[in-house]
Each structure stands twice: as structure tokens, then as C-alpha cells.
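# Can you look at this prediction? I've put the sequence above it.
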Amino acid sequence: MLSKELKAGDIIFLEGDLGVGKTFISQIIINNLISNNLISSPTFNIVHTYKFLNDIEIWHCDFYRIFESNEIEELGVFDNINKKIILIEWPKFLDNFSLNPLKIKIEFGKTKDERYISFFFRDNWKNRLNFLSI
């Protein structure tokens, strides 16, 4: 299970069209980590934070309403990155940051309830993800 493999410093990008299920997957991951069924979309707040272990937080971000990279810097998303697990919906304007995220791309399937999910990652994730189950 992906959520049980996450550790401080990890970043996940969730990519896909509007309504495809990015928030739903974020909710599953966060709920598996902290047993909180009240996970909501951060679309309007941009960031929701959740306490995880001791001094580690989960940051659930939605950059849909971000229009410039300096807005991300102002939010402090990547400050103290080793004390956070970061989930980012609509990742954009992140070329200025040195990141090595796990990218999850979600696409609509042939029916309204079907989705195709692709994982893109570098070597640092490869040894941890030999199951590809959320």
C-alpha cells in the first residue's frame, strides 16, 4: 500500500483533468496515514495540513488557483521539507524547485466509473514501490 511507504520528505504530484479523482486519491492516502475521514479538498484554501507523527505533517495542496511560482514560495510548502509529506494536486510552476516527486497521472476511462492510473518515478522511489497499490 502506497500510503504506508511514505516518509517525511516525500512529495506526490497528482495530475489529471478536473473531476478525475485527484482529491479522492489524496483522501485515501491521508486517511490511511492518520485515520481521518474528514479530508476535504484544499481548492479554496490551497493548503490543508494534518499532524502525522511527532513533528511530521502531511501537506495536502491544490495549486489550481496558483498563477505564479512566487505564490508557492510564499506558502512555504517546501520549507522544512524533511518534516512533511506533501501531496500536490495540479502541480505547476515547480520547475524552479529541486524536487523528486512520485507522479500519479489519473485519466478518465471508457465508462464514468473507470480510471487509468499511471505512476512516474525515479530510482529513489523504485525500490519502495514494487506493488503499485494505493
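Yep, it's here.
# Name the next helix or strand following the longest helix along the chain along the chain.
In the chain, taking DSSP state H as the definition, the longest helix is helix 22-34. The helix or strand immediately downstream of helix 22-34 is strand 47-51, counting by DSSP states H and E.
# quick one: contacts of that next one?
The set of residues external to strand 47-51 that reach it, using CB atoms under 8 Å, 6 or more residues apart in numbering, is 30, 33-34, 36, 39-40, 42, 57-62, 75, 77. All C-beta spots, glycine's among them, are computed from the backbone N, C-alpha and C.
# Okay, buried residues for it please.
Using 16 or more other CB atoms under 10 Å as the test for burial, strand 47-51 gives His48, Tyr50.
# I'd like the next helix or strand past that strand.
Using DSSP H and E, the next helix or strand after strand 47-51 towards the C-terminus is strand 57-62.
# Quick check: which helices or strands does that following strand pack against?
Counting contacts by 3 or more CB pairs under 8 Å, 6 or more residues apart in numbering; DSSP states H and E, strand 57-62 packs against helix 22-34, strand 47-51, strand 84-89.
# For the longest one, name the packing helices and strands.
This points to helix 22-34. With contacts defined as 3+ CB pairs under 8 Å, 6+ apart, helix 22-34 has these neighbours: helix 2-5, strand 11-15, strand 47-51, strand 57-62, strand 84-89, strand 102-108.
# would you list the ones you listed in CSV and tack on distance to Ser69?
Listed next are these as CSV, based on distance: least, CB to CB, whole Å:
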stretch, distance to Ser69
helix 2-5, 28
strand 11-15, 15
strand 47-51, 16
strand 57-62, 14
strand 84-89, 13
strand 102-108, 18
